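any chance you could fold what I've pasted below:
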Amino acid sequence: MNSFLIGFAVIAFVSTLVGGLLVFKYKHMMPYVFSFAAGTLIAVTFLEILPESLKLAESSNIPIRSILITIVLSFFLYNFIERFFVTHPVHEHDGHGHIMGPIGAGSLVIHSFFDGAAIGAAFQVSTELGLVVAMAVVFHDFTDGINTVTLMLKNKQTSKNAFIFLIMAALAPVVGLLLTTYLDLPSKILAFLLAFFAGEFIYIGAAMLVPETKETKKSTMFAMAAGIAAIIVLTSLVKI
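Here you go, the predicted structure:
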């Protein structure tokens, strides 16, 4: 297996795990982490994933409209998942663990799996695309760890259960990456997969992460700008 893939599988696992474990100790820094991750996801989508998807579609004679519809449907799907499974009001008088904790955290585990699959699919297109997507996913996985633990604890689940779901969320991108690595995907499938991941990343970056920073200091915008700049620099370097 490509050494890059092994390395990023390990990094994705550690990033998710550390994000969950540090959710309390460095809670005041979380808005900056969310902003930086949002910047990387939005930038990598429009600078790398979408152009590559359109390029593959053109070479495979796939209508561009089909790619754009896939992006819209992916965006809607993640909106649906978050609205009905991840976000749920918690009543303070609930004396036991709320079922929406495991359901919400489980949904995050599933989309962490797709994060890993995005890395594997990107590496099948090119090493350059794989590197850029992997970097963006690693930053996002940190926030996945944070959100997994937060969802569990907010829904009055035990720390033990929260840790179990954190481990699952950390392993999910590794499994997704390994699975897509061993599948030889044709260009047509890769074109639609990248479009699906483009819709996912746009939603996560713009609709999930950015709102987490709206009630914090305006300086979080510098963190987002840093995330965008990091992807711009990275995409420039890998193409030299």
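
going by C-alpha atoms from here, please, whenever you check contacts or count neighbours.
Fine.

go ahead and confirm Phe34 touches Glu212.
Yes - using C-alpha atoms under 8 Å, Phe34 makes contact with Glu212 at a distance of 7.1 Å.

which of those two has more neighbours?
Phe34 (27 against 14; other C-alpha atoms under 10 Å).

now Ala206, nearest residue through space, not along the chain?
Excluding the flanking residues, the one nearest Ala206 by C-alpha to C-alpha, 6 or more residues apart in numbering is Ala38, at 6.7 Å.

burial check on that neighbour, number of neighbours?
30.

what of Ala12?
29.

ok, Tyr26 next?
10.

how about it, what does it touch?
Residues near Tyr26 by C-alpha atoms under 8 Å, 6 or more residues apart in numbering: none.

what's the pLDDT at it?
According to the prediction, Tyr26 has pLDDT 70.

again with Phe4
pLDDT, read off for Phe4, is 68.

nearest residue to Ser60 other than its sequence neighbours?
Nearest one to Ser60, counting by C-alpha to C-alpha, 6+ apart, is Lys188 at 6.0 Å.

what's the distance between the residue nearest to Thr45 when sequence neighbours are not counted and Ala105?
Taking C-alpha to C-alpha, 6+ apart, and ignoring the residues beside it in sequence, Thr45 has Ala198 as its nearest neighbour in space, at 5.5 Å. Ala198 sits 22 Å away from Ala105, taking C-alpha to C-alpha, to the nearest Å as the criterion.

can you give me the buried ones in the longest helix that the chain contains?
Longest helix in the chain by number of residues (criterion: DSSP state H): helix 127-154. In terms of neighbour count (16 or more other C-alpha atoms under 10 Å), helix 127-154 has its buried residues at 128-154.

where exactly do the helices run in this structure?
Going by DSSP H, the chain shows helices at 3-21, 30-44, 50-59, 64-81, 100-125, 127-154, 159-181, 187-202, 220-238.

average pLDDT for the shortest one?
It refers to helix 50-59. pLDDT averaged over helix 50-59 gives 94.

try the longest one
Per-residue pLDDT over helix 127-154 has a mean of 82.

kindly report the same for the second one.
What helix 30-44 shows for mean pLDDT is 85.

could you count how many residues lie near the closest residue to Pro63 other than its chain neighbours?
In space, and not counting its chain neighbours, Pro63 is closest to Ala57: 6.9 Å by C-alpha to C-alpha, 6+ apart. Neighbour count for Ala57, taken as other C-alpha under 10 Å: 22.
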